[in-house]
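> let me see the structure of the following:
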Amino acid sequence: MDISINTPALLFPAISLVMLAYTNRFLALSSRVRSLHDKYQNHEQKHIIHGQIKNLRYRLKLIKNMQALGVITFLSCILCMFFIYQQYTLAANIVFAFSLISFSASLALSLLEIQLSTKALELELSDMEGLEDPSVIEYFKRKFEKD
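Got it, this is the predicted structure:
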């Protein structure tokens, strides 16, 4: 299959938007780290903060890797366009496939990070009584039992 120079160029807006989203997640996370650091220094709720800090460290690593894979995707698309321009079709196809794989890996890490962010919110709410998170099935059972 021959790809045109426009094919990898189509990924540029998607990659840019995803990188912007990753940067926003990083900025929100860094703000949260700073506020937790202040709470930790003031010795407030250390048992809850410890779990949150552990979660945040892992999420920061994920975001770093998400961003790195996004940059690799961008560079691979540029390299693919160069190979297409030079009419190295096989190399262009291989590099484009690599860019799609790295973009997919970046999105998979993003999904994992989103899952972890909900766990972080559950830790934040863990000190409040009566806010257990039922499964979806349990939620619907309770909902229909009341009616």
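
> for the chain, name the helix or strand with the lowest mean pLDDT.
When each helix and strand of the chain is scored by mean pLDDT, DSSP states H and E, helix 136-146 comes last, with a mean of 70.

> what is the mean pLDDT for stretch 31-41?
On average, the pLDDT along stretch 31-41 is 81.

> and stretch 80-97, by the same measure?
94.

> while we're on residue 57, how confident is the model there?
Reported pLDDT for residue 57: 87.

> sort out which residues of the longest helix seen in the chain are buried, please.
Ranked by number of residues, the top helix in the chain under DSSP state H is helix 46-85. Buried residues in helix 46-85, counted by 16 or more other CB atoms under 10 Å: 48-49, 52, 55-56, 59, 62-63, 65-67, 69-70, 72-74, 76-77, 79-81, 83-84. For every residue, glycine as well, the C-beta is placed using N, CA and C.

> can you pull the contacts of the residue sitting nearest the centre point of the chain?
Taking CA atoms, centre = their mean, the centroid of the chain lies closest to residue 110, which sits 2.2 Å from it. Applying CB atoms under 8 Å, 6 or more residues apart in numbering, we find residue 110 in contact with 18, 21-22, 66.

> make JSON lines from those residues and add secondary structure and distance to residue 33 to it.
Formatted as JSON lines, these follow (DSSP: H, G, I helix; E, B strand; the rest coil; distance: CB to CB, whole Å):
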{"residue": "18", "secondary structure": "helix", "distance to residue 33": "22"}
{"residue": "21", "secondary structure": "helix", "distance to residue 33": "19"}
{"residue": "22", "secondary structure": "helix", "distance to residue 33": "16"}
{"residue": "66", "secondary structure": "helix", "distance to residue 33": "17"}
